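Engineer: coords below, sequence missing:
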Ligand code: PHE
């Protein structure tokens, strides 16, 4: 191990930090939307298979590279394949993290605003949630201010370092998040729409299973586990030599999936409790549909509605924060370790430059609405370019690297902690990484391109 390289203080801290990265807006916001759009239980089933067959192998590959090289993603590839073009994978990961962070903070800023407004009781006073949402996002200064505050919070955590910042924060926030999820699920079970909600979420209707549903599930698994952006690789570089890579990846995947499915349990009974609201309301679901759903579902006990929505947005905010931390860290670790800048300076540079880019995303809902490329606003463009192009491409190269280029002994050593734990899964892992995952990713990628045309 390199001297002076940061480390997580405990195994629990490491798992919670990685789970914090995985559990994000993707679970509470994107997952229920995708479930709604793709027909419910059948989608969830395919999603879980994708997590097992594609997600976990890619995460383990990132863990192997990060822990073996003890460095950020770019340096990791430089060390494993000196002078070779493989380092491009590292660059694309760090660049993707930077771009995603710049628009992730915009939506995260919305979660902060909605938390504050619902706690202050403002949200409950407003009945026209669509206008309310539009007025907020198109007000450049207000949404920008919230994005800046959000970024400032992330900045403070990251500049405090790995143990005092990321680990400490994850150890407090992840249990809080799980507690809130628990409370909300219990509340949701007392709603009148619980039966319909459960049927929708648990009873698969295989007639709804199309190729497009399968591909959406794969894409969602990818995003939700924070893969191919250097986040898992960077965090793994802080793992101790004793951390078990495969079982840690599984724990992260289990926590991530539980939070996603529970978010479905929270949202759908509420949605089915209110006549006239469809389960496939799209991305506006969380910010426009849900406030009115909460209102109506709890209209006889407004106080409960108030608590429920306050907790719900707090949950979104916490989830967004721990994910944004990992995106920030992926870039900061590179600037700090490779460009020789102090952690404080590096994180400041990343925060400020990312905020500048984020500002354009924010304004693309207001003054910069007209600035479009191929019909997409700046915000949509960033989302499209990073999640539909950079991520699948990076993931593909990553598994080809681990499966076909990297010395198998390194992979085996890391997976078995230098032979100290049995390696029953090694063969399965290598098979998946060599053949199954590359084919699956190619399919997601091609579909993305077809959609674009
Ligand atoms: N996994 C996070 C989520 O579900 C998003 C994310 C992607 C975070 C990539 C970090 C890196 O919201």
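Structural biologist: Ah, there it is. If you're wondering where the values come from, they're calculated on a predicted model, not measured in any experiment.
Engineer: Does residue 183 lie in a helix or a strand, and which?
Structural biologist: Residue 183 belongs to helix 168-189 when assigned by DSSP states H and E.
Engineer: Get me the contact residues on this protein for the ligand.
Structural biologist: 21-22, 24-27, 100, 223-224, 226, 229, 231, 323, 326-327 (C-beta under 6 Å from any ligand atom). (Each C-beta comes from the backbone N, C-alpha and C, glycine too.)
Engineer: that's a strand at residue 299, yeah?
Structural biologist: No - looking at residue 299 with DSSP: H, G, I helix; E, B strand; the rest coil, it is coil, so not inside a strand.
Engineer: Please identify which residue in the stretch 101-250 of the chain comes closest to the ligand.
Structural biologist: In the stretch 101-250 of the chain, the residue found nearest to the ligand is residue 226; the distance is 3.5 Å by C-beta to the nearest ligand atom.
Engineer: list the contacts for that residue?
Structural biologist: Residues near residue 226 by C-beta atoms under 8 Å, 6 or more residues apart in numbering: 21, 22, 24, 232, 323, 326.
Engineer: Between those, which sits nearest the ligand?
Structural biologist: For the contacts of residue 226, the minimum distance to the ligand (C-beta to the nearest ligand atom) is 2.3 Å, reached by residue 24.
Engineer: what's the spacing between that closest one and residue 248?
Structural biologist: 18 Å (C-beta to C-beta, to the nearest Å).
Engineer: Those two: which is more packed in?
Structural biologist: Neighbours were tallied for residue 24 and for residue 248 using other C-beta atoms under 10 Å; the higher tally belongs to residue 24 (28 against 22).
Engineer: from memory the more buried one sits against residue 325, does it?
Structural biologist: No - look at residue 24 against residue 325 with C-beta atoms under 8 Å: they stay out of range, at 10.1 Å.
Engineer: what residues does stretch 12-25 touch?
Structural biologist: Contact with stretch 12-25 is made by 8, 104, 107-108, 111, 163, 166-167, 170-171, 173-174, 177, 224-226, 231-232, 235-236, 238-240, 243, 248, 251-253, 255-256, 259, 316, 319-320, 322-327, as judged by C-beta under 8 Å, 6+ apart.
Engineer: hmm, try it at 7 Å
Structural biologist: 8, 107, 166-167, 170-171, 173-174, 177, 224-226, 231-232, 235, 238-239, 243, 248, 251-252, 255-256, 259, 316, 319-320, 322-323, 325-326 (C-beta atoms under 7 Å, 6 or more residues apart in numbering).
Engineer: among those residues, which are in helices?
Structural biologist: Taking DSSP state H, the ones among these that sit in helices are 107, 170-171, 173-174, 177, 224, 231-232, 235, 248, 251-252, 255-256, 259, 316, 319-320, 322-323, 325-326.
Engineer: mind listing what residue 205 touches?
Structural biologist: 39, 40, 41, 42 are the contacts of residue 205 under C-beta under 7 Å, 6+ apart.
Engineer: Could you do residue 146 as well?
Structural biologist: With C-beta under 7 Å, 6+ apart, residue 146 has these contacts: 109, 112, 113.
Engineer: How about residue 97?
Structural biologist: Contacts for residue 97 were tallied using C-beta under 7 Å, 6+ apart; they are 229, 230, 231, 327, 330, 331.
Engineer: quick one: the last one and residue 100, what's the gap?
Structural biologist: In other words, residue 331. From residue 331 to residue 100 the distance is 10 Å (C-beta to C-beta).
Engineer: Specify which residue of the two has the higher count of neighbours.
Structural biologist: A direct count of neighbours by other C-beta under 10 Å for residue 331 and residue 100 places residue 331 higher, at 30 against 26.
Engineer: Please spell out which residues along the one helix or strand that one maps to are buried.
Structural biologist: Secondary structure from DSSP H and E places residue 331 in helix 302-338. By 16 or more other C-beta atoms under 10 Å, the buried positions in helix 302-338 come out as 305-338.
Engineer: and it, how far out from the chain's middle?
Structural biologist: On the basis of C-alpha atoms, centre = their mean, to the nearest Å, helix 302-338 sits 10 Å off its chain's mean C-alpha point.
Engineer: Contacts for the helix or strand that that helix is followed by, please.
Structural biologist: Moving toward the C-terminus from helix 302-338, the next helix or strand (DSSP H and E) is helix 343-363. Helix 343-363 has contacts (C-beta under 7 Å, 6+ apart) with 98, 101-103, 105-106, 140, 143-144, 147-148, 151, 155, 158-159, 161, 328, 331-332, 335-336, 368, 378-379, 382.
Engineer: Contacts only, for the residue of the stretch 51-200 of the chain found nearest the ligand.
Structural biologist: Here the stretch 51-200 of the chain gets closest to the ligand at one residue, residue 100, 5.8 Å apart by C-beta to the nearest ligand atom. The contact partners of residue 100, by C-beta under 7 Å, 6+ apart, come to 229, 327, 386.
Engineer: what do you get if the cut-off is 8 Å, keeping everything else the same?
Structural biologist: 229, 327, 382, 386, 387.
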